[in-house]
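A.B. asks: below are the sequence and a predicted model for it; my questions follow.
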Amino acid sequence: MAKKISKNIAKARALVEARPYAIADAIPLLQKAKYAKFDETVDLTMRLGVDTRHADQMVRGTVVLPHGLGGKTKVVAVIASGDKMKEAEAAGAEFVGGEDMVEKIQKENWTDFDALIATPDMMRSVGRLGKVLGPRGLMPNPKTGTVTTDVAGAIREIKAGKVEFRADKTALVHVPVGKLSFTPEKLEANALTVISSVVKAKPSAAKGKYIKRIVLSSTMGPGIELEPAVAEVAAKA
C-alpha cells in the first residue's frame with residue numbers, strides 16, 4: 001500500500017517539473033515550495049562517476065562558502081600544546097586542551113563539538129581516538145585542514161562557513177549550502193563554489209562522465225535537478 005503524503009508535500013512537489021532547471025530558476029522555485037515553519041537548510045547533492053571502493057577514486061576536500069551557512073556558529077575544539085593552546089583560545093575555540101582532552105574523548109566518548117583541530121605534534125595521541133571520532137566524521141585530517149600549525153587560521157575558516165565534502169560508498173556527495181531564507185544570489189554563489197570545488201577534486205583515475213547528476217533540495221522541500229551545464233559554469237568561476 002502506497003504511503004499517503006500530506007497536502008503540503010503534494011503541493012510543493014506539484015510546483016516542480018520533471019526536468020533539469022537552470023540554477024537561477026531552481027533556487028527561487030525551492031523557496032516558493034517552502035511550507036515548513038522553520039528556516040530550512042538547503043542541501044546540494046551530486047552523483048559522481050567514481051568508484052569509491054578504490055582509494056585513487058576517492059573524492060574529498062573542504063571549501064569555505066562565500067556567504068557561510070547561517071544558523072548557529074560551529075563549536076570548535078582544539079588539541080594542541082604550548083603556545084598553540086593560547087593561539088586557539090585567542091582565535092575563539094570553545095574547547096582547548098592537550099593530553100587531557102584526548103583522555104576525555106577516549107574515556108567518555110565526549111564529542112560536544114562540530115569540528116576538531118589538532119597540531120601535528122599531537123597526532124600520535126589523537127590517533128588513538130579513531131574509534132570515537134571516525135564514525136562521527138570528526139577525526140582531524142591534513143587534507144581537510146584540521147591538522148595544522150596555523151590553528152588560528154583553521155578556526156577562522158570553520159567559523160566563517162568551511163564545509164567538508166566527501167563521496168560516500170554510493171558516489172554521492174551531500175553538502176549544505178545555506179538557509180532557505182538566504183537571498184537567491186547568496187545561495188547560488190555558495191552552491192557554485194561547492195560544485196567548482198568538487199569538479200576540481202576529480203581524481204585522475206576517474207574515467208567517463210564525472211558529474212552525473214546535481215540536485216538542490218531543502219530539509220522538507222522537493223528535490224530540484226540542475227542542468228548539467230551548471231558544472232561547466234562553476235568550473236570556470
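C.D. replies: Arrived safely, thanks for sending. Numbers count the residues shown, from 1 in each chain.
A.B. asks: so who does the nearest residue to residue 196 once chain neighbours are set aside touch?
C.D. replies: Excluding its sequence neighbours, the residue lying closest to residue 196 (CB to CB, 6 or more residues apart in numbering) is residue 234, at 4.1 Å. Using the backbone N, CA and C atoms, a C-beta is placed for each residue, glycine as well. Neighbouring residues of residue 234 by CB atoms under 8 Å, 6 or more residues apart in numbering: 192, 193, 195, 196, 199.
A.B. asks: how is the chain divided into domains?
C.D. replies: Here the domain assignment for the chain is 17-69+162-236, 76-159, based on automatic domain parsing.
A.B. asks: what about the helices in this protein?
C.D. replies: 7-14, 23-32, 83-90, 99-108, 123-126, 130-133, 151-160, 184-200, 229-236 (DSSP state H).
A.B. asks: send the alpha carbons of the third one over as PDB?
C.D. replies: It stands for helix 83-90. Provided in PDB are the C-alpha atoms of helix 83-90 (Å, rounded to 0.1, in the frame of the first residue of the first chain):
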ATOM      1  CA  ASP A  83      51.700  28.500  22.700                       C
ATOM      2  CA  LYS A  84      49.300  26.900  20.200                       C
ATOM      3  CA  MET A  85      46.800  26.400  23.000                       C
ATOM      4  CA  LYS A  86      46.900  30.200  23.700                       C
ATOM      5  CA  GLU A  87      46.600  30.900  20.000                       C
ATOM      6  CA  ALA A  88      43.500  28.600  19.800                       C
ATOM      7  CA  GLU A  89      41.800  30.400  22.800                       C
ATOM      8  CA  ALA A  90      42.500  33.800  21.300                       C
END
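A.B. asks: which elements pack onto it?
C.D. replies: strand 76-79, strand 95-97, helix 151-160 (3 or more CB pairs under 8 Å, 6 or more residues apart in numbering; DSSP states H and E).
A.B. asks: how about a cut-off of 6 Å?
C.D. replies: With contacts taken as 3 or more CB pairs under 6 Å, 6 or more residues apart in numbering; DSSP states H and E, helix 83-90 sits against strand 95-97, helix 151-160.
A.B. asks: what of the fifth one?
C.D. replies: Using 3+ CB pairs under 6 Å, 6+ apart as the contact test, no helix or strand touches helix 123-126.
A.B. asks: so what's residue 200 closest to, chain neighbours aside?
C.D. replies: residue 235 (7.3 Å).
A.B. asks: the one you found and residue 201 touch, don't they?
C.D. replies: No: look at residue 235 against residue 201 with CB atoms under 6 Å: they stay out of range, at 11.3 Å.
A.B. asks: who has more neighbours out of the two?
C.D. replies: Each of residue 235 and residue 201 has its neighbours counted (other CB atoms under 10 Å); residue 201 has more, 20 against 16.
A.B. asks: can you pull out the low-pLDDT segments for the protein?
C.D. replies: 1-5, 237 (pLDDT under 70).
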